[in-house]
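Participant: Make a model of this:
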Amino acid sequence: MTTARVLVTGATGFTGGHLCERLARMGHAVRALVRDPRRAAELRRWNVEVSMGDLRDRGSVAQAMEGVDVVYHIAALFRSENQSRREMWEINVQGTQNMLDAARQVGVQRFVHCSTVGVHGDVQGPPATEEAPYQPGDYYQESKTEAEALVLDCSARGWLPVVVFRPGGIYGPRDLRFLKLFKAIQRRRFVMLGSGQVQYQMIYIDDLIDGILLCGTAPQAIGQVYILTGDEAISLNQLVEILARVLAVAPPKLHFPVTPVYLAGLACELVCKPLGINPPLYRRRVDFFRKTRCFDISKAQRALGFKPRIDLSTGFGLTAAWYRDNHLLP
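Facilitator: Below you'll find the predicted structure:
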């Protein structure tokens, strides 16, 4: 096994944490750029070197980049509703530019950038491939689209060997984003908004890490963009039925029109955001029930040998077990 000196951003998050753990177990010398020292203990347990800094601070980014062979840029400011477009741009766009500049300065061998399938927005004519048009639908997706453009421009100019991957909905042990869905179905409080026929595609964290590592090692990956998600999309109705079976409860049957809830989310945002209050309901959550997210992963399968192994029933079971072990589900 050839080992490398690796830098990971977003290491205290869900995907970045799993990636650091895997890389460390494979014997790589792993360094993590970390903003909050309180969240560094777990990384040190895996023998990950912690470099304190912030994506917005060019000096700390340059320091973290010293002596690095491969960069996995996972960090991003996600869709926190009380954060401004400016903050999103500073971290997701300017932060990526700072990473690219520092990587060029030291001459890294590969820069792997985490984008999102969200750059395609509400997919028209599914399934979408890597060539589908950009149509971001919110600040987060807009910032990730712009950041991806910076990375691809760097590649086109011959400045860095880069790879971009766009993950689908990521879930698994240590994820908290889907905990609300698990809880709602477990407690029989879930209500489907709309018909439930929109398509959604998820990927289990271990499968995603497999794909990320292929992006970081396969020679043919350089200069390419890959969608990394599960084998096929299913309807939201099917998704909640599978999850209900895993949780051993009756599948939800209630449906409610989506448009009134979407408008209520808009009203909450208009009232709460100027006051700096996190809205109790916002449009992005309602978009889960409105937008089609259906993708073709054949490029990654063909070019990289990418093969998701964990089906939804198995993945949901492993995730639910972790929630229970950590007293997050009864």
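Participant: Contact partners for the nearest residue to Gln186 once chain neighbours are set aside?
Facilitator: Spatial nearest neighbour of Gln186, chain neighbours left out: Leu247 (5.1 Å); criterion: Cβ to Cβ, 6 or more residues apart in numbering. From N, CA and C alone the C-beta is placed, and that goes for glycine too. Applying Cβ atoms under 8 Å, 6 or more residues apart in numbering to Leu247 gives the contacts Phe182, Ile185, Gln186, Ala320.
Participant: For the second one, what are phi and psi?
Facilitator: In terms of degrees, to the nearest 10, the main-chain angles of Ile185 are phi -70, psi -40.
Participant: Enumerate every residue touching it.
Facilitator: Val240, Leu243, Ala244, Leu247, Val249, Pro252.
Participant: which residues of this protein fall in strands?
Facilitator: Along the chain, the segments classed as strands by DSSP state E run 5-9, 29-34, 49-52, 70-73, 110-114, 162-167, 169-171, 192-193, 199-200, 202-204, 225-228, 234-235, 255-256.
Participant: Nearest to Phe289, out of those strands?
Facilitator: Closest approach to Phe289 among the strands of the chain (Cβ to Cβ): strand 192-193, 3.9 Å.
Participant: Return the distance of the nearest residue to Thr12 once chain neighbours are set aside relative to Gly16.
Facilitator: Distances taken as Cβ to Cβ, 6+ apart put Arg39 closest to Thr12, at 4.0 Å, once the chain neighbours are dropped. Counting by Cβ to Cβ, to the nearest Å, the separation of Arg39 from Gly16 is 11 Å.
Participant: quick one: which of these two has more around it?
Facilitator: Gly16 (24 against 15; other Cβ atoms under 10 Å).
Participant: What sits closest to the more buried one if chain neighbours are left out?
Facilitator: Using Cβ to Cβ, 6+ apart and skipping residues adjacent in sequence, the residue nearest Gly16 is Gly10, 3.5 Å away.
Participant: and the one you found, how many neighbours?
Facilitator: Neighbour tally, Gly10, other Cβ under 10 Å: 22.
Participant: Can you name the residues that contact it?
Facilitator: Gly16, His73, Ile74, Ala75, Ala76, Cys114.
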